[in-house]
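> how does the following fold in three dimensions:
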Amino acid sequence: MRDSFKRVAAWLRYSAIVVSLGLTSTCLATEPLPQKVRLSVNPSQIIYLPLFVAVERGYFKDEGLDVEVIPYKGSANSQMPLLARGDVDISSVIAGPAMFNQFADGFNIKLISVLTQPKQGYRDGVVLMVRSDLWDSGAIRSPADLRGRKVDGAAVGNPIDFLLQSTLSSAGLDKTDVSLSYKPRTPSDTIEILRQKVVDVAGVSEPTATMIESEGIAKRWLSYKDVIPWYQETFLAASETFLSEHPDAVKQFLAGYFKAVQEITQSKGQWTAGLLSIASKWTGMPEPLLRQIGGTSYWSPDGVISIDVLQRVQDFWAQSRLVRKPVDVKEMVDISALERLRHTAQAG
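Numbering: from 1, shown residues only. Got it, this is the predicted structure:
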């Protein structure tokens, strides 16, 4: 009798293990692991707010993605080699010579959506600033007043430089009509060259521009929407390999991103308590300073990339001899994920 009990007990333990394994297998079959996506982003730049929001609100997670954020400092285009090598899957890039040159060099990446672009009623991420003494005296109030002035474009070929040189062009001027420099290496450098009156006008990113104005050093003046309202500043780019091997993940990433854009758009360019909290957490800037910016940037709700804008920007930098070998800009873009997302939304 005792042996019979032992056999029954052993059978029950075996059955429990089998059932457990069966349930585990069923769960694994019905609940696949989230797709990993490696996203590189510069947390100090407020223009990437929708990406911050999508992570914080769980919008990417809701789409079945496990997004690993890889923070970096400096230019977004420093991430293009990482994309090409497959070290990251998705990143932001900026419209400038480096982007076009790296495409010409055969970098294995594609633009998949526009990020920021100008719109009236919204704050651009970059602004030209005039020293307070020159603004208060009325010495600089129009682009024509820049003739003979000391101006700084932050870095050769970046969006700040593009805004500055476009402002000169709007007054029939070019860089030979001014003393053009590229002095700053950090936001603190920008503050000091204005404070010490090393330059008269400087291009500055937010929220540094707001910090400078709050200290009475310089006045915010012209931004993209005032000079080049057609411009598209930043884009989302993906590794071509990741696009081909994980097309659904790219579509799901964009779906999560646009959920964040929709949330921000509902505030119509104004800060909400929730957006301020997220922006402060990621940028490290205090909420009162962020509020002083006056509102948020504008992120396209449809993500459409303008081929005309890409061509105009490439032509500008090619004429400046910073683009070595112009490319067919249409080949830089892959809208397949956007189109699939749009079709899914229409079908729903």
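> only C-alpha atoms from now on, for both contacts and neighbour counts.
Noted.
> mind checking the end-to-end distance for stretch 143-154?
Terminal residues of stretch 143-154 are spaced 18 Å apart (Cα to Cα, to the nearest Å).
> got the buried residues for it?
143, 146, 147, 150, 151, 152, 153, 154 (16 or more other Cα atoms under 10 Å).
> let me know the closest of those to residue 91.
Taking Cα to Cα as the measure, residue 91 sits nearest to residue 154 out of these, at 22.2 Å.
> ok, that closest one touching residue 180?
No: assessed by Cα atoms under 8 Å, residue 154 is found out of contact with residue 180, at 9.9 Å.
> name the spans of the protein whose pLDDT lies under the cut-off.
1-31, 348 (pLDDT under 70).
> break it down into its structural domains.
35-117+232-347, 126-227 (automatic domain parsing).
> can you show me the strands along this structure?
Using DSSP state E, the strands of the chain run over 35-41, 65-71, 90-94, 109-114, 126-131, 150-152, 179-181, 201-205, 218-223, 234-239.
> those: which one's closest to residue 102?
strand 109-114 (9.4 Å).
> what angle do the closest one and strand 90-94 make?
Relative orientation of strand 109-114 versus strand 90-94 (axes from the mean of the first three to the mean of the last three Cα atoms, to 10 degrees): 80 degrees.
> can you mark which positions in strand 109-114 are buried?
Buried, per 16+ other Cα under 10 Å, within strand 109-114: 109, 110, 111, 112, 113, 114.
> wait, doesn't the fourth one sit right on residue 239?
No: with contact defined as Cα under 8 Å, residue 112 does not count as touching residue 239 (9.9 Å).
> sorry, back to before: could the strands of the chain be laid out in CSV, adding distance to residue 51?
CSV is the format used below for the strands of the chain (distance: least, Cα to Cα, whole Å):
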stretch, distance to residue 51
strand 35-41, 8
strand 65-71, 10
strand 90-94, 10
strand 109-114, 13
strand 126-131, 19
strand 150-152, 30
strand 179-181, 32
strand 201-205, 18
strand 218-223, 23
strand 234-239, 10
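> partners of the closest residue to residue 88 other than its chain neighbours in the sheet?
Leaving aside its sequence neighbours, residue 88 sits nearest to residue 38 (Cα to Cα, 6 or more residues apart in numbering; 5.1 Å). Residue 38 has these beta-bridge partners by DSSP bridges: residue 68.
> re the thing from before, which one of the buried residues of strand 109-114 is nearest residue 345?
Using Cα to Cα, residue 113 comes nearest to residue 345 of the buried residues of strand 109-114, at 16.6 Å.
> for residue 216, see how far away the closest one is.
Taken as Cα to Cα, the span from residue 113 to residue 216 is 37 Å.
> before we move on, what about residue 35?
If you go by Cα to Cα, the gap between residue 35 and residue 216 works out to 48 Å.
> give me the contact list for stretch 118-130.
For stretch 118-130, contacts defined as Cα atoms under 8 Å, 6 or more residues apart in numbering pick out 46-47, 117, 140, 159-160, 163-164, 200-207, 209, 218-225, 229-232, 269, 293-298.
> need the contact list for the nearest residue to residue 183 once chain neighbours are set aside.
Take residue 183 and drop its neighbours on the chain: the residue closest to it by Cα to Cα, 6+ apart is residue 154, 6.2 Å away. Going by Cα under 8 Å, 6+ apart, residue 154 touches 160, 161, 181, 182, 183, 184, 185, 190, 202, 203, 204.
> what sits against the third one?
Residue 181 is in contact with 150, 151, 152, 153, 154, counting by Cα under 8 Å, 6+ apart.
> mind redoing it with 6 Å?
residue 152 (Cα atoms under 6 Å, 6 or more residues apart in numbering).
> for residue 247, which non-adjacent residue is closest in space?
Going by Cα to Cα, 6+ apart, residue 247 has residue 337 as its nearest residue, at 6.8 Å.
> the spatially closest residue to residue 97 that is not a sequence neighbour: how many residues sit nearby?
Spatially, and ignoring its direct neighbours in sequence, residue 97 is nearest to residue 323 (5.2 Å; Cα to Cα, 6+ apart). Neighbourhood size, residue 323 [other Cα atoms under 10 Å]: 22.
> residue 323 and residue 315, how far apart?
8 Å.
> cool, and residue 96?
11 Å.
> so which of these two has more stuff around it?
More crowded of residue 96 and residue 315, by other Cα under 10 Å: residue 96, with 24 against 15.
> for the more buried one, what are phi and psi?
When read as degrees, to the nearest 10, the backbone of residue 96 gives phi -170, psi 180.
> got the contact list for residue 258?
Residue 258 touches nothing, counting by Cα under 6 Å, 6+ apart.
> isn't the residue nearest to residue 88 up against residue 68?
Yes: counting by Cα atoms under 6 Å, residue 38 does reach residue 68; the two are 4.8 Å apart.
> thanks a lot, catch you later.
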